[in-house]
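Q: model this:
(2 chains, ligands or ions: 6)
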Amino acid sequence: MTLLQIEDLKVHFPVRTGRFGGGKGTVRAVDGVSLSIDARETLALVGESGCGKSTLGNAVLGLAPVTAGTIQFDGQDLGTLSTAARKRLWRDMQVVFQDPVSALNPRRSIASSIAEPLIIHGWSGSIPDRVTELMELVGLNADQRTRRPQALSGGQRQRVVIARALALNPRLIICDEPVSALDVSIQSQILNLLMRLQAELDLSYLFISHDLSVVRHIADRVAVMYLGTVVEDGPASAVFSDPVHPYTQALMSAIPLPDPSRRDRGDRVLLQGDLPSPLDPPSGCPFRTRCPLAEPRCAETRPALTPQGPGHRAACLVQDRNPGGPPA
Amino acid sequence: MSLLDLSDLAIQAGELSLVDGVTLDVHPGEIVALVGESGSGKSLTALSIVDLLGEGLRVTRGSRRFDGADLTPKRLRKLRGQDIAMIFQEPVSSLNPLMPVGAQVAESLIVHGTASESEAQSAAIDMLRRVGIPDPDRRATQLPAELSGGMCQRVMIAAALISRPRLLIADEPTTALDVTIQAQILSLIRDLTREQGTAVLLITHDMGVVAEMADRVCVMYGGRVVEQGAVHDLFAAPRHPYTDMLLRTMPRPDDPPKEPLFAIKGSVPGPRDWPSGCRFRSRCPRADAACTERPPLQGDGHRAACFHPMRPT
Ligand SMILES: Nc1ncnc2c1ncn2[C@@H]1O[C@H](COP(=O)(O)OP(=O)(O)O)[C@@H](O)[C@H]1O
Ligand SMILES: Nc1ncnc2c1ncn2[C@@H]1O[C@H](COP(=O)(O)OP(=O)(O)O)[C@@H](O)[C@H]1O
Ligand code: SF4
Ligand code: SF4
Ligand SMILES: [Mg+2]
Ligand SMILES: [Mg+2]
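A: Ligands and ions are numbered 1, 2, ... in the order given. Got it, this is the predicted structure:
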């Protein structure tokens, strides 16, 4: 069953440009993205910083303005709902950000941070009991109830943030770089927690991450973003083992592997240059300024996502395995 | 003979021990990785080499030698920026925001009187080109704020390498960058230093970066070196339980997806909470009564500081 369905979503920000802010421009942070997430599924959103991952997550949460397109949650179009109905739906959607320090109020105890959404949304049962249950669920000790966040380690703080996100029994959690700020020895604890919670509570995750080793491990499906658009998506196994788009191929081959005997692997694709400005994206294919396979026609036509295999799509004129076929 | 030689280095803030007995050496042309989680003392170790420890921090023990002689403050003033260069994690904040990047790259040549201003300026543009900055003539006149993070890091590398240093200290040079830019910067550091015969002390928390770059590795935990050895030996047969577990926590391409990952229990304690004896013992599954003593770094070439190593030394 499809839980979240995003159709041709655009989020554009008007900005001032030039050294003295005299000009005007538009940042096309998300520029025509279609995605869906099934119940109990993890969709990972990957791509370099600035490609629009967080903006997309924020748009789903109602924290970024939707310029065009639709977002449907459980069959309901978020754009046409009344404020009250949307508020109710937002209990079903929660978020875990990268930085557990700024997500928690330093003056509140752990228990009161976790209780906050229960109070705001009027939890019908006993709030202290629910807090105890949530703390147990995420592996926090009961004796930490009265602690302040400063007295906890980064990993424990992220557990508090996760407990709070789970308070109202959400169905979708947007995890925006949830382990990036944590020590390496702690990351796998939190990833294991997220995987266990998903299985126990039937959660769906939109998992935003720049760490592809992590994504390969926990995602069911992967969408690769570049300059506000999805350039490839599909089952994680297919995208990782058989990437079609040259950008995906470059991303995969840039992952540093913890194995020195493979450092000189010959299949490395090193990209030249940096991400172009989203204020002034290239004509045609957005990736063409860095693409090792670019041809003249790539400047003319913007490639659409086309089917490459079961559930697997990519947007490349040259690598398309099914040229002339119908668009996906 | 080693180029850089640290022996039993200790650093304190007042009475608080932050780095405790770091011994390591770097040979000419070699890349040595100093790896550990945040707070393990990597940056303090690096800063002490160039005498840039902040207010309230001091070296309380040990020696720092470069090219066979002690690194005195007087000697360092001559070596810094010339024979020993440094790059940091945050290129944008390490560059002067008000100075065109070309002038910043040229600076060390001018300061040390190696070249005239115009020679230095054209050498800088040449160096910017070699680190992969497109249109270097124009870029040289721009301020750091007009460049992306990846380009600023390249400017830092150009500024560090223009004087052909014998030692480059790179503190998390790619941590703030995306993987594709990281791959470019790492290959740049590798190629340029190899070309110039520069020795590199590469500081990172990422075992993937270590595996890609290092000839030898030095693993730190709680302000101490817990294991050191050649990169292939250390990855193939880690001896210290911490190194072993750190390597096992990393998701690998052939792991079954969605299965629980190996996890180290507990959290990384801060310097005020380090246990006596072996500092890893609060998290170590092999810990016993012996570990309340400090384990010495033992072995030949491949060394570990552990009473019950994973493999005999
Ligand atoms: N409120 C905003 N106003 C203007 N530009 C924005 C705003 N939020 C994000 N952006 C821009 O949108 C682009 C995408 O940003 P973001 O979604 O944060 O990327 P990511 O999460 O992939 O790193 C970036 O160029 C960013 O600078
Ligand atoms: N000026 C200072 N006073 C007190 N403690 C400090 C100071 N500078 C750094 N520290 C502490 O020293 C420890 C080691 O720091 P650092 O060398 O920066 O670690 P790393 O680079 O490995 O992350 C950390 O716990 C840090 O908080
Ligand atoms: S369409 Fe052309 S430029 Fe774009 S990814 Fe494919 S080959 Fe590269
Ligand atoms: S000395 Fe003891 S506590 Fe320390 S790493 Fe070895 S076995 Fe573990
Ligand atoms: Mg983001
Ligand atoms: Mg550091």
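
Q: is stretch A:214-225 up against chain B anywhere?
A: Yes - applying C-beta under 8 Å from any C-beta of the partner chain, one finds stretch A:214-225 touching chain B at A:214, A:216, A:217, A:218, A:219. Heads up, the C-betas are built off the backbone N, CA and C, glycines and all.

Q: Helix or strand next in line after the helix or strand containing the second one, which one?
A: Following DSSP states H and E, the helix or strand that holds residue A:216 is helix A:212-218. As assigned by DSSP H and E, the chain's next helix or strand after helix A:212-218 is strand A:221-226.

Q: Next up, the contacts around the residue in the stretch 151-300 of chain B that chain A sits nearest to.
A: Here the stretch 151-300 of chain B gets closest to chain A at one residue, residue B:208, 3.1 Å apart by C-beta to the nearest C-beta. If a contact means C-beta atoms under 8 Å, 6 or more residues apart in numbering or on different chains, then residue B:208 has A:213, A:255, A:256, A:257, A:258, B:250 as its contacts.

Q: rerun at 10 Å
A: Residues in contact with residue B:208, defined by C-beta atoms under 10 Å, 6 or more residues apart in numbering or on different chains, are A:211, A:213, A:255, A:256, A:257, A:258, A:259, B:179, B:182, B:250.

Q: distance of the first one from residue A:217?
A: The reference is to residue A:211. From residue A:211 across to residue A:217, the span is 10 Å (C-beta to C-beta, to the nearest Å).

Q: Who has more neighbours out of the two?
A: Between residue A:211 and residue A:217, residue A:217 has the larger neighbour count (other C-beta atoms under 10 Å in any protein chain shown), namely 23 against 18.

Q: ok, for the more buried one, nearest residue in space, not its chain neighbours?
A: Of all residues not flanking residue A:217 in the chain, residue B:251 sits nearest, at 4.0 Å (C-beta to C-beta, 6 or more residues apart in numbering or on different chains).

Q: Quick one: residues contacting that neighbour.
A: Each residue near residue B:251 by C-beta under 10 Å, 6+ apart is listed here: A:187-188, A:191, A:211-218, A:258, B:257, B:259, B:261-262.

Q: Tell me where the chain has strands.
A: In the absence of a named chain, this looks at chain A. Along chain A, counting by DSSP state E, strands occupy A:2-17, A:23-38, A:42-46, A:68-73, A:76-77, A:93-96, A:172-176, A:204-208, A:221-226, A:229-235, A:306-309, A:312-314.

Q: wait, I meant chain B there
A: B:4-13, B:16-26, B:31-35, B:57-66, B:69-70, B:84-87, B:167-171, B:199-204, B:216-221, B:224-230, B:303-304.

Q: quick one: the second one near ligand 2?
A: Yes - with C-beta under 6 Å from any ligand atom as the measure, strand B:16-26 is seen reaching ligand 2 through residue B:18.

Q: Next one: whatever residue of the stretch 151-300 of chain B ends up closest to ligand 2 from residue B:7, what distance?
A: The minimum distance from the stretch 151-300 of chain B to ligand 2, using C-beta to the nearest ligand atom, falls at residue B:271 (4.8 Å). Plainly put, residue B:271 is 22 Å away from residue B:7 if you go by C-beta to C-beta.

Q: circling back to that earlier point, can the strands of chain B go into TSV with extra columns for mean neighbour count?
A: Below are these laid out as TSV (neighbours: other C-beta atoms under 10 Å in any protein chain shown):
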stretch	mean neighbour count
strand B:4-13	19
strand B:16-26	21
strand B:31-35	25
strand B:57-66	16
strand B:69-70	10
strand B:84-87	24
strand B:167-171	24
strand B:199-204	25
strand B:216-221	26
strand B:224-230	24
strand B:303-304	24
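
Q: For residue B:114, find the nearest of these.
A: strand B:84-87 (13.4 Å; C-beta to C-beta).

Q: any residue of the least confident helix or strand in chain B by mean pLDDT up close to chain A?
A: Among the helices and strands of chain B, helix B:91-94 carries the lowest confidence by mean pLDDT, DSSP states H and E, at a mean of 76. No - interface with chain A: helix B:91-94 contributes nothing (C-beta under 10 Å from any C-beta of the partner chain), its closest point being 13.1 Å away.

Q: Low-confidence stretches in the stretch 51-200 of chain A?
A: For the stretch 51-200 of chain A, no stretch is flagged by pLDDT under 70.

Q: For it, what lies in contact range of chain B?
A: The stretch 51-200 of chain A comes close to chain B at residues A:51, A:152-156, A:181-193, A:195-196, A:198-199, as judged by C-beta under 10 Å from any C-beta.

Q: the domain parsing of chain B - what is it?
A: Chain B breaks down by automatic domain parsing into domains covering B:4-83+B:165-304, B:88-164.
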